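got a predicted structure here, sequence first:
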Protein chains: 2
Amino acid sequence: MYTGSIEGLIEIFESFPGIGRKSAERMAFHVLEHMSPEETHRMAEKIIETKSNICFCESCQNLTDVSPCKICSSLKRDRSTICVVESPKDVSTIENTNEYNGLYHVLHGALSPMDNITPDDLKINELLLRLTDGTVKEVIMATNPTVVGTATAVYISKLLAPFDVVVTRIAHGIPIGSDLEYADKITLIKAIEGRQEMK
Amino acid sequence: MYTGSIEGLIEIFESFPGIGRKSAERMAFHVLEHMSPEETHRMAEKIIETKSNICFCESCQNLTDVSPCKICSSLKRDRSTICVVESPKDVSTIENTNEYNGLYHVLHGALSPMDNITPDDLKINELLLRLTDGTVKEVIMATNPTVVGTATAVYISKLLAPFDVVVTRIAHGIPIGSDLEYADKITLIKAIEGRQEMK
């Protein structure tokens, strides 16, 4: 039971995904007890500023402050490969491996009829448009290995059939450093199905 | 690896206590992907507004938007008892029991020489001032049963010796519904020391 406006501040933080009541209270009291009015003002301004500066890259649809984004406009990237992911976070995750040198395409979600997410809600048309000039030779479907992620990959791969591109799916299997004992049944089946010749 | 301004937004959220990198990323992408510019603006304005409206109650030092706060100005509260707590959250926790009907005093921390928190950093003088008119008969020390909380309670109880007030400490013991087996040694010692006659 807090004064109305403190309660309101707690509710702001509680509205974020993954933030429960206790965390929201800690965050609100951090603002009220430990931040100066100037710091609070700077923080709020920074949130507004970032929100208004960030847009979708006109090509890959990733979040960026310049469009086309750094990756799309880089001359060092392989323009013949597009890796399709669900969210901007996935781009960052793959970039952190320092192994992939192609381009990306961010769908901003996965098809989920239960949640009313249809193909029109995703950046699928934007992907098809990128394939019209014939530069792209391979599309790697790197949506999550969940029910919705896999369904999205299958749906898009069918849409891509008329184009002259190879459509691939990232491999599923036992994670490196893990133990067979702890693998779930479906992962294990996928690992056996996807077995490759040892050279 | 995100664009500079996205990284900046993540760092804002990461600067809150208890918010790690992953949570901060989720929060930042919630703003960027799921909130409208209007919602973002309203949220930021609300944070600034709350911060500027909230002040310390001139009497109990709790955070409030009117001073004196609702509790201090209530005619229904017992003005002869003050419960001393470390933080505004503790007031809320005790209020939720609906059992305590006295006033509060919020110290805003606990004495901790290691962290350079000295008596001058706490609202101790403000507490002493409240005892000068003789209305208060009992001061309940409800600081946390930690090393610093207990040290603070002991320090303040010594300062209160010249005043005509009874200084009490909340009881420590086995939590209700718990099991002796799981009680730590010190709690068990406190529970035995604090034993009371059954009537």
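In hand now; what should we look at? Residues are numbered from 1 along each chain as shown, chains lettered A, B, ... in the order given.

would you mind splitting chain A into its domains for me?
Domain segmentation of chain A under automatic domain parsing yields A:4-53, A:77-197.

pick out the residue in chain A sitting closest to chain B.
Closest residue of chain A to chain B, C-beta to the nearest C-beta: A:Ala44 (3.8 Å). C-beta: built from backbone N, CA, C; applies to glycine.

which secondary structure element contains that residue?
Using DSSP states H and E, A:Ala44 falls within helix A:37-53.

check A:Ile12 too.
Secondary structure (DSSP H and E) places A:Ile12 in helix A:4-14.

in that helix, what's buried?
Within helix A:4-14, the residues that qualify as buried are A:5-6, A:9-10, A:12-14, counting by 16 or more other C-beta atoms under 10 Å in any protein chain shown.

between it and helix B:4-14, how big is the angle?
Here helix A:4-14 points in a direction 120 degrees away from that of helix B:4-14 (axes from the mean of the first three to the mean of the last three C-alpha atoms, to 10 degrees).

show me how far helix A:4-14 is from its chain's centre.
From the chain centre to the centre of helix A:4-14 is a distance of 29 Å (C-alpha atoms, centre = their mean, to the nearest Å).

and the helix or strand just after that helix, C-alpha only, in PDB?
The C-terminal neighbour of helix A:4-14 among helices and strands, as given by DSSP H and E, is helix A:21-29. Only the C-alpha atoms of helix A:21-29 are listed here, as PDB (Å, rounded to 0.1, in the frame of the first residue of the first chain):
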ATOM      1  CA  ARG A  21       6.000  -6.800  -8.300                       C
ATOM      2  CA  LYS A  22       9.100  -7.000  -6.100                       C
ATOM      3  CA  SER A  23      11.500  -6.000  -8.800                       C
ATOM      4  CA  ALA A  24       9.200  -3.100  -9.800                       C
ATOM      5  CA  GLU A  25       9.200  -1.900  -6.200                       C
ATOM      6  CA  ARG A  26      13.000  -2.000  -6.100                       C
ATOM      7  CA  MET A  27      13.200   0.000  -9.300                       C
ATOM      8  CA  ALA A  28      10.700   2.600  -8.300                       C
ATOM      9  CA  PHE A  29      12.400   3.100  -4.900                       C
END
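
how about A:Ile82, phi and psi?
phi -120, psi 130 (degrees, to the nearest 10).

name the surrounding residues that touch the helix or strand hosting A:Lys158.
Taking DSSP H and E as the definition, one finds A:Lys158 inside helix A:147-159. Here helix A:147-159 makes contact (C-beta atoms under 8 Å, 6 or more residues apart in numbering or on different chains) with A:84, A:86, A:107, A:110-112, A:119, A:122, A:124, A:127-128, A:139, A:141, A:143, A:167, A:169.

same thing with stretch A:125-142?
In this structure, residues lying in contact with stretch A:125-142 by C-beta under 8 Å, 6+ apart are A:59, A:61, A:79-85, A:90, A:94, A:102, A:105, A:107, A:153, A:156-157, A:159-160, A:163-170.

from A:Met43, how far out is A:Glu14?
Plainly put, A:Glu14 is 18 Å away from A:Met43 if you go by C-beta to C-beta, to the nearest Å.

next: A:Thr97.
Counting by C-beta to C-beta - A:Thr97 and A:Met43 are separated by 32 Å.
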